[in-house]
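S.K.: Provided below are the primary sequence and the corresponding predicted coordinates.
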Amino acid sequence: MTDSVIHPTAVVSPGARIGKNVKIGQFTMVGDNVEIGDNSEIMHHSVIDKNTKLGKGSKIYPFSSIGTDPQDITYKGEETFLEIGDNNLVREFTTINRGTEKGGSITKIGDNNYFLAYTHIAHDCMIGNNTLFTNGATLAGHVEVEDFAVIGAFSSVHQYVRIGRNSYIGAYTIIEQDVLPFVKISQSRDNYNYYGPNSIGMLRSGITREFINIIRDILNIIYKEDLNTSQAVDKLKLLFTDSPEVDVILEFLAKTKRGVLKNFKTEK
């Protein structure tokens with residue numbers, strides 16, 4: 001705990017491992033078998049429960065509950081875990097649960113993610129790097145979120161759904177099936193709306209305009225032509241040979257278990 005500052009009102013388990021230059025604020029609880037990486041800050045009135053690993057350079061804002069028991073009626077106290085990478089920002093009242101034994105016993109989060117206030121990450125979720133969860137975004141159990149995805153305010157994602165890389169989900173959207181990489185979608189009343197590729201987000205993450213233009217053509221075949229998914233896949237394979245862009249989409253489609261969200265009204 002070299003150079004770390006722990007407020008005298010904080011309760012830190014003797015079994016916790018605290019890195020260098022860590023700050024732990026007032027009335028915070030740090031549980032058994034917790035590891036907090038160097039240069040992290042746990043602000044006042046936060047809970048870092050047992051079996052949680054928090055990487056370097058992360059900041060937990062007040063009233064967050066990290067690593068608490070999974071909200072699953074089948075959970076009976078088994079040893080499960082939460083692993084969070086480096087440089088994550090977790091804003092107020094966010095909840096992140098440990099895994100369940102049936103789901104692999106771990107919830108896992110990568111690096112450089114930003115969870116705004118009231119975000120909920122349920123048990124056994126797998127989140128990549130550089131994602132953004134805006135206020136009130138909610139994941140049910142076993143959800144996978146790939147790199148650079150954005151989930152809008154008060155949107156909710158059904159269990160076992162996959163959210164593809166660089167996708168953008170607008171506010172108040174209910175996601176019950178997988179969301180393809182690179183798409184920009186939202187929900188208004190009973191309709192899903194498709195707005196083309198998430199071009200701005202893709203550019204910000206270093207993707208070229210050439211790649212984006214090809215992705216736009218690929219997504220137009222999937223969403224704007226009167227084809228079912230199998231027919232769209234056949235057409236993509238025929239038109240886009242030796243294409244890394246189409247390979248990303250085809251690989252995602254091949255792994256889907258719940259099907260891909262396609263019931264869109266498209267923007268002309």
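M.R.: All right, it came through fine. Please read these numbers as outputs of a predicted model, since none were measured by experiment.
S.K.: helices of this structure, start to end?
M.R.: Taking DSSP state H to define them, one finds helices in the chain at 199-204, 209-224, 229-239, 244-255.
S.K.: Throw those helices into TSV and include mean pLDDT, distance to Val90 and mean neighbour count, thanks.
M.R.: C-betas here are computed from N, CA, C, even on glycine. Listed next are those as TSV, based on pLDDT from 0 to 100; distance: least, Cβ to Cβ, whole Å; neighbours: other Cβ atoms under 10 Å:
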stretch	mean pLDDT	distance to Val90	mean neighbour count
helix 199-204	96	21	16
helix 209-224	95	31	17
helix 229-239	94	36	14
helix 244-255	95	28	16
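S.K.: for Lys59, which of these is the nearest?
M.R.: helix 199-204 (21.8 Å; Cβ to Cβ).
S.K.: to the chain's geometric centre, what's the distance from that closest one?
M.R.: Taking the mean of its C-alpha atoms, helix 199-204 sits 18 Å from the chain's own mean (Cα atoms, centre = their mean, to the nearest Å).
S.K.: ok so, going back, same list (the helices of the chain) but as a markdown table, adding distance to Gln187.
M.R.: Formatted as a markdown table, the helices of the chain follow (distance: least, Cβ to Cβ, whole Å):
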| stretch | distance to Gln187 |
| --- | --- |
| helix 199-204 | 18 |
| helix 209-224 | 15 |
| helix 229-239 | 20 |
| helix 244-255 | 21 |
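S.K.: can you tell which of these is closest to Asn51?
M.R.: helix 244-255 (28.8 Å).
S.K.: kindly report the domain assignment for the protein.
M.R.: By the assignment in automatic domain parsing, the chain contains the domains 5-142, 201-266.
S.K.: that older thread, nearest to Gly37, of the helices of the chain?
M.R.: If we rank these by Cβ to Cβ, the stretch that ends up nearest is helix 199-204, at 26.2 Å.
S.K.: measure stretch 144-159 end to end?
M.R.: 9 Å (Cα to Cα, to the nearest Å).
S.K.: with stretch 72-88 instead?
M.R.: End-to-end for stretch 72-88, by Cα to Cα: 25 Å.
S.K.: before we move on, the earlier item: okay, the domains of the chain in a markdown table with distance to Ile175 next?
M.R.: Listed next are the domains of the chain as a markdown table, based on distance: least, Cβ to Cβ, whole Å:
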| stretch | distance to Ile175 |
| --- | --- |
| domain 5-142 | 9 |
| domain 201-266 | 7 |
